[in-house]
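Participant: could you look at this predicted model? Sequence included:
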Amino acid sequence: MKKLSFLNKIIYFINVVVALALLLSFVLPYLPPKTFAVLSVLNLGVSLLIMLNILLALYWLIRVKRQFVLSFLVLLIGYISYGSLYKFSSSKDIENEDNFKVMNYNVRLFNLYEWIKEDAIETKIVDLIKTEAPDILSVQEYHPHKDINLSFFKYKFEKLSGKKTKYGQAIFSQFPIINSGSIEFPNTGNNAIFADVVKGNDTMRVYNIHLESLHINADVESLKNEDSERLLKRIGSTFKMQQFQTELFLIHKEQCKYKMIICGDFNNTAFSYVYKKIKGDLQDTFKEAGSGFGRTYNFKFFPVRIDFVFADEAFQINGFKSYTEQFSDHFPIMTTLALKE
């Protein structure tokens, strides 16, 4: 430190803070938000913290300074514990006659309130789904818009709420649905639904989960105008609700004896407590077969992955696709699965 210039001492101080914040974030999936609500806010910034630590490590490395070791070691711990933030190539793209595709998409009410200033967004969403032809479609913030026609799916289950504007979650399927239902979350329009789907001689349970929203504007400029203390308390409160909703879901999940696929918008990242609890021993299809950042939410300054498709060990994961079409504040994701023999 003595040999560092004044500017580099300031940069190293920032480096220490950023590295410690990232190190702390690696512990958060094990800490329930009900007890550590404020700390849980770090979940949302893990991607940014990783990128900052990479930049700082490169900064010191270019200058041949041993200070690069700090961020390097923290990043190494993160890589060993959680894998890479960025996947350089898809590990799987396997053709199989038993393949079927599962898409998850938060459609944001099909742009009912014209958040996106573009004509016929609802039609473009439907066209995208029809072109990609998933066999099972899990939709959050679904709204039975008059111009929406998803009749190319043979079966569906939807659970709607709201007095004037009906909205909720839906599952569409090309395979027969023999049972379905909803897990109600108190004091919110969010919930989880399920459909038991028959493919050949096998019955699969498909869950569609929509955890409590953070109600954060994706525009950073808008965030600057919010009171930071109030924002942190609101996010902490939301994380507590997400934990409670997750506990309700897990009670229901434990009673299921079928092969299982879990889709949803968790409104939280892969570094969160709720992600860890819901995933359990299931496979994260992006980690198994995806590439890139796997970004699913349109946040301007760093990639955020808050939408997921999990599959249990009965499934072979033969592919994963992330989309960039901006017809919602979320991007759809789709995985290709096959039942193991």
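Facilitator: Yes, it's here. Numbers count the residues shown, from 1 in each chain.

Participant: mind listing what residue 206 touches?
Facilitator: Counting by Cβ atoms under 8 Å, 6 or more residues apart in numbering, residue 206 touches 102, 136, 138, 171, 173, 194, 195, 196, 197, 261, 263. Placement of C-beta: from N, CA and C, glycine included.

Participant: give me the distance between stretch 143-160 and the centre of its chain.
Facilitator: Stretch 143-160 sits 23 Å away from the centroid of its parent chain (Cα atoms, centre = their mean, to the nearest Å).

Participant: which residues sit against that stretch?
Facilitator: With contacts defined as Cβ under 8 Å, 6+ apart, stretch 143-160 is touched by 107, 109-110, 112, 120, 122-123, 126, 129-130, 137, 142, 165-177, 180, 182, 191, 193, 195, 197.

Participant: pLDDT on it, on average?
Facilitator: For stretch 143-160, the mean per-residue pLDDT is 93.

Participant: flag every buried residue along that stretch.
Facilitator: 143, 145, 150, 153, 155, 156, 157, 158, 159 (16 or more other Cβ atoms under 10 Å).

Participant: could I get the residues you listed as a markdown table with secondary structure and distance to residue 333?
Facilitator: Listed next are these as a markdown table, based on DSSP: H, G, I helix; E, B strand; the rest coil; distance: Cβ to Cβ, whole Å:
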| residue | secondary structure | distance to residue 333 |
| --- | --- | --- |
| 143 | coil | 20 |
| 145 | coil | 22 |
| 150 | coil | 18 |
| 153 | coil | 18 |
| 155 | strand | 22 |
| 156 | strand | 20 |
| 157 | strand | 20 |
| 158 | strand | 20 |
| 159 | strand | 21 |
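
Participant: make TSV out of those and add distance to residue 335.
Facilitator: Putting those into TSV (distance: Cβ to Cβ, whole Å) gives the following:
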residue	distance to residue 335
143	25
145	26
150	20
153	17
155	20
156	20
157	20
158	22
159	23
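
Participant: what is the nearest of the contacts of residue 206 to residue 66?
Facilitator: Set against residue 66, the nearest of these by Cβ to Cβ is residue 263 (46.1 Å).

Participant: other SSEs contacting the helix or strand where the closest one lies?
Facilitator: Using DSSP states H and E, residue 263 falls within strand 259-265. Here strand 259-265 touches strand 100-106, strand 136-142, strand 202-210, helix 273-279, strand 307-311, going by 3 or more Cβ pairs under 8 Å, 6 or more residues apart in numbering; DSSP states H and E.

Participant: quick check: angle from it to strand 202-210?
Facilitator: Computed with axes from the mean of the first three to the mean of the last three Cα atoms, to 10 degrees, the direction of strand 259-265 lies at 20 degrees from that of strand 202-210.

Participant: then strand 259-265 to PDB, C-alphas only?
Facilitator: Output of strand 259-265 as PDB, limited to C-alpha atoms (Å, rounded to 0.1, in the frame of the first residue of the first chain):
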ATOM      1  CA  LYS A 259     -41.700 -35.900 -12.400                       C
ATOM      2  CA  MET A 260     -41.400 -32.100 -12.100                       C
ATOM      3  CA  ILE A 261     -40.700 -29.000 -14.100                       C
ATOM      4  CA  ILE A 262     -40.700 -25.600 -12.300                       C
ATOM      5  CA  CYS A 263     -41.000 -22.400 -14.300                       C
ATOM      6  CA  GLY A 264     -41.400 -18.900 -13.200                       C
ATOM      7  CA  ASP A 265     -40.600 -15.300 -12.500                       C
END
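
Participant: quick one: strands adjacent to it?
Facilitator: Here strand 259-265 has these sheet partners by DSSP bridges: strand 202-210 (parallel), strand 307-311 (antiparallel).

Participant: wait, which of those strands is closest to residue 51?
Facilitator: Across those, residue 51 has its closest neighbour in strand 307-311 (20.4 Å, Cβ to Cβ).

Participant: that closest one: what's the following helix or strand?
Facilitator: Note on strand 307-311: by DSSP H and E, the next helix or strand toward the C-terminus is strand 315-322.

Participant: relative to the whole chain's centre, how far out is that following strand?
Facilitator: 16 Å.

Participant: pull out the buried residues from the lengthiest helix in the chain.
Facilitator: Assignment by DSSP state H gives helix 228-254 as the longest helix of the chain. Within helix 228-254, the residues that qualify as buried are 235-236, 238-246, 249, 253, counting by 16+ other Cβ under 10 Å.

Participant: and residue 322, what does it touch?
Facilitator: Neighbouring residues of residue 322 by Cβ under 8 Å, 6+ apart: 286, 290, 291, 292, 294, 295, 296, 331, 333.

Participant: hmm, I was thinking of residue 138
Facilitator: 102, 103, 104, 105, 169, 170, 171, 206, 208, 263, 264, 309.

Participant: and which of those residues is nearest residue 43?
Facilitator: Among these, residue 264 lies closest to residue 43 (Cβ to Cβ), at 16.2 Å.

Participant: can you name the residues bridging to that closest one?
Facilitator: residue 209, residue 308.

Participant: give me the number of residues near it?
Facilitator: When neighbours are defined as other Cβ atoms under 10 Å, residue 264 has 24 of them.

Participant: swap in residue 9?
Facilitator: Applying the criterion other Cβ under 10 Å, we find 12 residues in the vicinity of residue 9.

Participant: got it, and residue 16?
Facilitator: So residue 16, with other Cβ under 10 Å, has 13 neighbours.
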